[in-house]
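Undergrad: okay, sequence plus prediction incoming.
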Amino acid sequence: MTSVGIDLSAITNTLTDDVSSWKGKSLISVTQMTTSGILRLFQTAQSMRELVRSKGGDDRLKHKVLASVFYEASTRTSCSFQAAMMRLGGTFLHVDGGKGGNTSASKKGESLEDTIRCLECYTDVTVLRHPTTGSVQQVALGDGTVKPVINAGDGIGEHPTQALLDFYTIWDELSVSFDVENGNNTADNSHTGPLVVVLLGDLKHGRTVHSLAKLLARSSLKHELVLRYCSPASLEMPAHVKEYVEQCSNVKQEEYSDMSEAVKGAHVLYVTRVQKERFETTEDYEKVKGAYVVDMNLMKVAPQRMIVMHPLPRVDEISTEVDSDPRACYFRQMENGMFVRMAILSLILGSP
């Protein structure tokens, strides 16, 4: 399946603060949500966190079944969606469509569209990851699909639920405000002034940073957003992402090569690994592996309120000695993934 370009204009800004706008809808791109829709999702995620911590969950999705379909390796995304479904009383079927996986469909030549259409006969919603950019959108918007599809990553394209849990973490940790009705954060330590976010590492192949940059830029934040891109020269943020961000208001983009300079005055350091599996040769990977390592030497000069995030897994780009620093929030970020995905499933399946 070759990379495909999909026109998403018909579904742009269709997921709003009205819960009915989410019911039965696919979630395939960060461009689908209005700022008020993002706030609605975050507030729902907050209620899910309170639910899990007080009662462990409930039965609002009892008798609902999730199809977890992954043609690429996954631990956090697949497990958090499965846990989210179970916390809300539902269950799941898992299909490992990768090499050596538990399905014969692709090995027999069945199209991705037919595989998903068949699984819909048994389930209520599909979470799909596929290595081809645009493939999930193509399936979700095709004539054959009748039940919601959630994009769990399409090649180097988008990973909207990861971007949402990342943004939720920033919103929650830093008490960020939106410039919409009821969007003011009333916490005593609520963020004021420009929000400076450093995206560090493999920005070329990182679908997480592609989605996060677009999501942050298109959201109506109360204050200016500054996106700083810091990467090896061969792994810079793609032009199409920078062009998208350029069209958004109240956003500034900056590029750095020196990590120590990039974190000056920053509020968020978002680290990504250099993705070995995306390189054509081992030699190309070896040239940039270990280009940036976040360690305690960096943390000593970093701002005291700056949080360190990572979509995980990490290899060697964050030293384990950083884990004990209270600014390291990547494991809190992972827990937030379950709360956000519980919110997404409850909204899409009509039980927020």
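TA: Alright, I've got the coordinates.

Undergrad: ok, which stretches of the stretch 251-352 of the chain are helices?
TA: 259-262, 282-288, 296-301, 330-348 (DSSP state H, counting those that start in this stretch).

Undergrad: please identify the deepest-packed of these.
TA: Most buried of the helices of the stretch 251-352 of the chain by mean neighbour count (mean count of other Cβ atoms under 10 Å) is helix 330-348; its value is a mean of 23. No exception for glycine: its C-beta is placed from N, CA and C like everyone else's.

Undergrad: quick revisit: so which of the helices of the stretch 251-352 of the chain comes closest to Gly57?
TA: helix 330-348 (8.2 Å; Cβ to Cβ).

Undergrad: I'd like to know how far the closest residue to Thr44 other than its chain neighbours sits from Thr31.
TA: In space, and not counting its chain neighbours, Thr44 is closest to Ala343: 3.9 Å by Cβ to Cβ, 6 or more residues apart in numbering. Note on Ala343: its distance to Thr31, by Cβ to Cβ, to the nearest Å, is 19 Å.

Undergrad: cool, and Asn250?
TA: 17 Å.

Undergrad: same question for Asp316.
TA: Asp316 is 34 Å from Thr31, by Cβ to Cβ.

Undergrad: next: Asp179.
TA: For Asp179 relative to Thr31 (Cβ to Cβ), the value is 18 Å.

Undergrad: out of the two, which sits in the more crowded spot?
TA: With neighbours defined as other Cβ atoms under 10 Å, Asp179 and Thr31 compare such that Thr31 has more, 19 against 13.

Undergrad: mind checking the SS state of the more buried one?
TA: helix (DSSP: H, G, I helix; E, B strand; the rest coil).

Undergrad: that one and Leu8 touch, don't they?
TA: Yes. Using Cβ atoms under 8 Å, Thr31 is in contact with Leu8, at 5.7 Å.

Undergrad: so where's the stretch 151-300 of the chain uncertain?
TA: Applying pLDDT under 70 to the stretch 151-300 of the chain flags residues 275-290.

Undergrad: farthest from the middle of this structure: give me that residue.
TA: Lys108 (31.7 Å; Cα atoms, centre = their mean).

Undergrad: what about the strands in the stretch 151-300 of the chain?
TA: Under the criterion DSSP state E, counting those that start in this stretch, the stretch 151-300 of the chain contains strands at 195-200, 225-230, 251-256, 268-271.

Undergrad: out of these, indicate the one that is most buried.
TA: strand 268-271 (a mean of 27).

Undergrad: tell me which strands and helices it is in contact with?
TA: Secondary-structure packing of strand 268-271 (3 or more Cβ pairs under 8 Å, 6 or more residues apart in numbering; DSSP states H and E): helix 160-174, strand 195-200, strand 307-309.

Undergrad: which residue is the nearest non-sequential neighbour of the residue positioned nearest the centre of the chain?
TA: When Cα atoms, centre = their mean is applied to the chain, the residue found nearest the centroid is Gln162 (1.5 Å). The shortest distance from Gln162 to any non-neighbouring residue, by Cβ to Cβ, 6+ apart, is to Thr208 (4.9 Å).

Undergrad: could you check how far the one you found is from Thr161?
TA: 10 Å.

Undergrad: before we move on, what about Asp202?
TA: 20 Å.

Undergrad: now do Tyr256
TA: Counting by Cβ to Cβ, the gap from Tyr256 to Thr161 is 28 Å.

Undergrad: what about the closest residue to His94 other than its chain neighbours, how many residues close to it?
TA: Leaving aside its sequence neighbours, His94 sits nearest to Ser68 (Cβ to Cβ, 6+ apart; 4.4 Å). Ser68 has 25 neighbours, counted by other Cβ under 10 Å.

Undergrad: next up, the contacts around Ser68.
TA: The contact partners of Ser68, taken as Cβ atoms under 8 Å, 6 or more residues apart in numbering, are Ser78, Phe81, Gln82, Phe92, Leu93, His94, Val95, Val127.

Undergrad: of those residues, which is the most crowded?
TA: In the contacts of Ser68, the most neighbours by other Cβ under 10 Å go to Val127, 32 neighbours.

Undergrad: quick one: that residue is in a helix?
TA: No. Read with three-state DSSP, Val127 is strand and lies in no helix.

Undergrad: returning to what we had before: closest to Glu120 among the contacts of Ser68?
TA: Taking these together and measuring to Glu120 by Cβ to Cβ, the closest member is Leu93, at 11.2 Å.

Undergrad: excluding chain neighbours, what is closest to His267?
TA: Spatial nearest neighbour of His267, chain neighbours left out: Val196 (5.2 Å); criterion: Cβ to Cβ, 6+ apart.

Undergrad: list the beta-bridge partners for that neighbour.
TA: Note on Val196: beta-bridge partners by DSSP bridges are Val226.

Undergrad: I figured it hits Val226, correct?
TA: Yes. Look at Val196 against Val226 with Cβ under 8 Å: they come within range, at 4.5 Å.

Undergrad: buried residues in the helix or strand hosting Val139?
TA: Using DSSP states H and E, Val139 maps to helix 135-141. Across helix 135-141, burial judged by 16 or more other Cβ atoms under 10 Å covers Ser135, Val136, Gln137, Gln138, Val139, Ala140, Leu141.

Undergrad: roughly how far apart are the closest residue to Lys147 other than its chain neighbours and Ala67?
TA: Leaving aside its chain neighbours, Lys147 sits nearest to Glu120 (4.7 Å; criterion: Cβ to Cβ, 6+ apart). Distance of Glu120 to Ala67, given as Cβ to Cβ: 7 Å.
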